[in-house]
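Asker: any chance you can model this:
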Amino acid sequence: MADVEDQVNSHSDEEVSEEEVPKGKEDSESEPESEGKGGDDDDYEPGSKKAARKPKASPKKRKADDDDDSDEEWGKRKKVVAPKKGGGRGKKSAFTKSFKLSPELADVVGSDVMPRHEVVKKLWAVIKERELQDPKNKQFAICDDQLLKVIGVKRFRTFGMMKHLKDHFLEAA
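Answerer: The predicted structure follows:
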């Protein structure tokens, strides 16, 4: 009998020691959470020191008189707002303003009046068409006789084309 009581007492000591270990873990886990580091909802225990979270506010509901509006009216209101956000697409900006070109540049691009970006497009087309790109370095173009009158140098960097062309834009048209 004494052996049985010793085994029961030893099991109860083990049970007590096992119960103490989780309590220590619970205390150590709850301390960081109370410091504001937070944790998952999975770690929630009713007896912990952690402050209860407030439920998230539900999204605002529409007013009753807004429910009477049909989808067609809502779409019309949306279309009224859209042109204001367009940023003046109908107006001509300085980028698209047309200029009167010098006679030399007009010969190359084929027009007397053009916006700057169109001139650059035409010059790129001329360079590609006449195969004027430097074969060793495609960033550069080698001028032929007609383009030499406009650019002024025999070999130029194509991405810096505008600095050579600025003298050929005479006046705003």
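
Asker: show me where this structure dips below the pLDDT cut-off.
Answerer: For the chain, applying pLDDT under 70 flags the ranges 1-45, 47-52, 54-55, 58-90.

Asker: which residues in this protein form helices?
Answerer: Using DSSP state H, the helices found in the chain span residues 2-34, 64-67, 71-85, 103-109, 116-129, 145-151, 161-165.

Asker: what packs against the fifth one?
Answerer: Using 3 or more C-beta pairs under 8 Å, 6 or more residues apart in numbering; DSSP states H and E as the contact test, the elements touching helix 116-129 are helix 103-109, helix 161-165. C-beta: built from backbone N, CA, C; applies to glycine.

Asker: that one: which residues count as buried?
Answerer: For helix 116-129, the neighbour count (16 or more other C-beta atoms under 10 Å) marks 116, 119-120, 122-123, 126-127 as buried.

Asker: what's in contact with that helix?
Answerer: 95-97, 99, 101, 105, 108-110, 114, 132-133, 141, 147, 158, 161-162, 165, 169 (C-beta atoms under 8 Å, 6 or more residues apart in numbering).

Asker: one more pass at 6 Å, please.
Answerer: Outside of helix 116-129, the residues within contact range by C-beta atoms under 6 Å, 6 or more residues apart in numbering are 109, 141.

Asker: please apply the same query to stretch 94-104.
Answerer: With contact meaning C-beta under 6 Å, 6+ apart, stretch 94-104 is reached by 112-113, 115, 149-150, 168-173.

Asker: buried stuff in it?
Answerer: Buried positions in stretch 94-104, judged by neighbour count with 16+ other C-beta under 10 Å: 99, 101-102.

Asker: may I see the residues you listed organised as TSV, with distance to residue 154 added?
Answerer: Formatted as TSV, the buried residues of stretch 94-104 follow (distance: C-beta to C-beta, whole Å):
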residue	distance to residue 154
99	26
101	22
102	20
